[in-house]
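J.: let me see the structure of the following:
(2 chains)
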Number of protein chains: 2
Amino acid sequence: MSFREHLQHVVENVDGAVACVLMGTDGIEVDSHVGHEVGFDVPTLLIEYSSLFRAAREAAVAHQAGVVSELSVQSEHLLVVARLVSPEYFMMVALRPDGNFGKARYLMRVTAPKLLAEL
Amino acid sequence: MSFREHLQHVVENVDGAVACVLMGTDGIEVDSHVGHEVGFDVPTLLIEYSSLFRAAREAAVAHQAGVVSELSVQSEHLLVVARLVSPEYFMMVALRPDGNFGKARYLMRVTAPKLLAEL
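T.: As a prediction, the model looks like this:
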């Protein structure tokens, strides 16, 4: 399966998921799948959120809290979960606020090693 | 109850919780309770993490995703959950990685209005 097929699989199998992205920790997108429109620009927001992952990583390492493996942001209209795939890459899933957060986390855990195998 | 008693109540009633902080969205601490030492400086890390909450808030508002109500960061040695209390204040709970994330979120949801009532 291609990167995009893995990302599409996540979006199609999580209730409320709208997009899934594979991204370098430098914020540059490798591939993405947008399944549903929500009335605002989710991919651009995810690129902005990628800086949170970098900032969290630097703070955690600097303070002996170890490697950041997951970050989530809940806002009024969007829930985003980011998960580390490798030291250089992470994936993000965007869901509607009532989306299945637990299923998203589960499918990211399952999908991350598959993406890593193809990186 | 004082701010600190509310924060202490959270730490004492969530398995694995090590600290709970009430903070201005400008990163300045109002009050905190540290229940357990974990071998590194958790309060300072929480102050650094507060900038993530501000950055997420600005990005979400700028991209029509609405107000950020919750943010979490999972790292190797610490799980942190932040929750908005009012437009100017938020609270954070730090837990050991195997701590009870669901109970922490529940108790923050219950405690936030109590803190707000005293702000």
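
J.: CA-only coordinates of stretch A:37-49, as CSV, when you get a sec.
T.: What follows is stretch A:37-49, C-alpha atoms only, in CSV (Å, rounded to 0.1, in the frame of the first residue of the first chain):
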residue,chain,number,x,y,z
GLU,A,37,-14.7,19.1,4.0
VAL,A,38,-15.5,20.9,7.2
GLY,A,39,-15.7,24.5,6.0
PHE,A,40,-12.2,25.6,6.8
ASP,A,41,-8.7,24.7,5.6
VAL,A,42,-7.7,21.7,7.7
PRO,A,43,-4.4,20.9,5.9
THR,A,44,-3.0,24.4,6.5
LEU,A,45,-4.0,24.2,10.2
LEU,A,46,-2.3,20.9,10.5
ILE,A,47,0.9,22.4,9.1
GLU,A,48,0.7,25.1,11.8
TYR,A,49,0.0,22.5,14.5
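
J.: how distant is it from the center of its chain?
T.: Going by CA atoms, centre = their mean, to the nearest Å, the spacing between the C-alpha centre of stretch A:37-49 and its chain's C-alpha centre is 12 Å.

J.: what's the answer for stretch A:50-61, then?
T.: Going by CA atoms, centre = their mean, the spacing between the C-alpha centre of stretch A:50-61 and its chain's C-alpha centre is 14 Å.

J.: dump it to CSV, restricted to CA.
T.: What follows is the C-alpha trace of stretch A:50-61 in CSV, where atoms were taken according to Å, rounded to 0.1, in the frame of the first residue of the first chain:
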residue,chain,number,x,y,z
SER,A,50,3.2,20.6,13.4
SER,A,51,5.2,23.4,15.1
LEU,A,52,3.5,22.4,18.4
PHE,A,53,4.9,18.9,18.0
ARG,A,54,8.4,20.3,17.4
ALA,A,55,8.1,22.7,20.3
ALA,A,56,6.8,20.0,22.7
ARG,A,57,9.6,17.7,21.6
GLU,A,58,12.3,20.3,22.3
ALA,A,59,10.8,21.2,25.7
ALA,A,60,10.4,17.5,26.8
VAL,A,61,13.9,16.5,25.8
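
J.: buried residues in it?
T.: If you call a residue buried by 16 or more other CB atoms under 10 Å in any protein chain shown, then stretch A:50-61 has these buried ones: A:50, A:52, A:53, A:55, A:56, A:57, A:59, A:60. C-betas here are computed from N, CA, C, even on glycine.

J.: quick one: contacts of stretch A:98-107?
T.: Outside stretch A:98-107, the residues within contact range by CB atoms under 8 Å, 6 or more residues apart in numbering or on different chains are A:9-10, A:13-18, A:70, A:72, A:79, A:81, A:83, A:93, A:95.

J.: for chain A, just list every one of the strands.
T.: Secondary structure of chain A (DSSP state E): strands at A:17-24, A:29-34, A:68-75, A:78-86, A:89-95.

J.: buried deepest among those, which one?
T.: Scoring the strands of chain A by mean neighbour count under mean count of other CB atoms under 10 Å in any protein chain shown gives strand A:89-95 as the most buried, with a mean of 26.
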